[in-house]
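**Student:** with the sequence up front, the predicted model follows.
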Amino acid sequence: MSAEGIQALLTEQERLNVENAALRGQVARLAELEQRNAGPPAFVKPDRPKPGEPKGPRKKRAAEHNTSRKRAEPTRIERHVLAN
């Protein structure tokens, strides 16, 4: 290897060492932020408490409201026959 090639490799190694140190600093900062527990964000509502006792069965609908339309007899019946 020539002296110029060695010098280029040393320069590149120094640049990579500086970049590596910067990235390690960022990783340390991120780890510090992840360890700090700030709690949930302001827009998150707290969990609702569970009811203490189970609810009873649902009420049935009143009979006057529980009717449906009765089926009526058809007014006319048409038969469709295929023509031969």
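**Tutor:** Yep, it's here. Residues are numbered from 1 along each chain as shown.
**Student:** what's the helix or strand for Pro40?
**Tutor:** Per DSSP states H and E, Pro40 falls between elements, in no helix or strand.
**Student:** quick one: mean pLDDT for stretch 19-36?
**Tutor:** For stretch 19-36, the mean pLDDT works out to 93.
**Student:** just the CA atoms of that stretch, as CSV, please.
**Tutor:** Output of stretch 19-36 as CSV, limited to C-alpha atoms (Å, rounded to 0.1, in the frame of the first residue of the first chain):
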residue,chain,number,x,y,z
GLU,A,19,-19.6,9.3,13.8
ASN,A,20,-19.6,6.2,16.1
ALA,A,21,-19.2,8.4,19.2
ALA,A,22,-22.1,10.6,18.1
LEU,A,23,-24.3,7.6,17.5
ARG,A,24,-23.4,6.1,20.9
GLY,A,25,-24.4,9.4,22.5
GLN,A,26,-27.8,9.3,20.7
VAL,A,27,-28.3,5.7,21.9
ALA,A,28,-27.5,6.7,25.4
ARG,A,29,-29.9,9.6,25.3
LEU,A,30,-32.7,7.4,23.9
ALA,A,31,-32.1,4.8,26.6
GLU,A,32,-32.3,7.6,29.2
LEU,A,33,-35.6,8.9,27.8
GLU,A,34,-37.1,5.4,27.6
GLN,A,35,-36.3,4.8,31.3
ARG,A,36,-38.0,7.9,32.4
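**Student:** what about it, distance to the chain center?
**Tutor:** Distance of stretch 19-36 from its chain centroid, counting by Cα atoms, centre = their mean, to the nearest Å, is 27 Å.
**Student:** go on, stretch 34-44?
**Tutor:** With Cα atoms, centre = their mean, you get 18 Å for stretch 34-44.
**Student:** same thing with stretch 61-79?
**Tutor:** Counting by Cα atoms, centre = their mean, stretch 61-79 comes out at 46 Å from the chain centroid.
**Student:** please apply the same query to stretch 16-31.
**Tutor:** Averaging C-alpha positions (Cα atoms, centre = their mean) puts stretch 16-31 31 Å from its chain's average.
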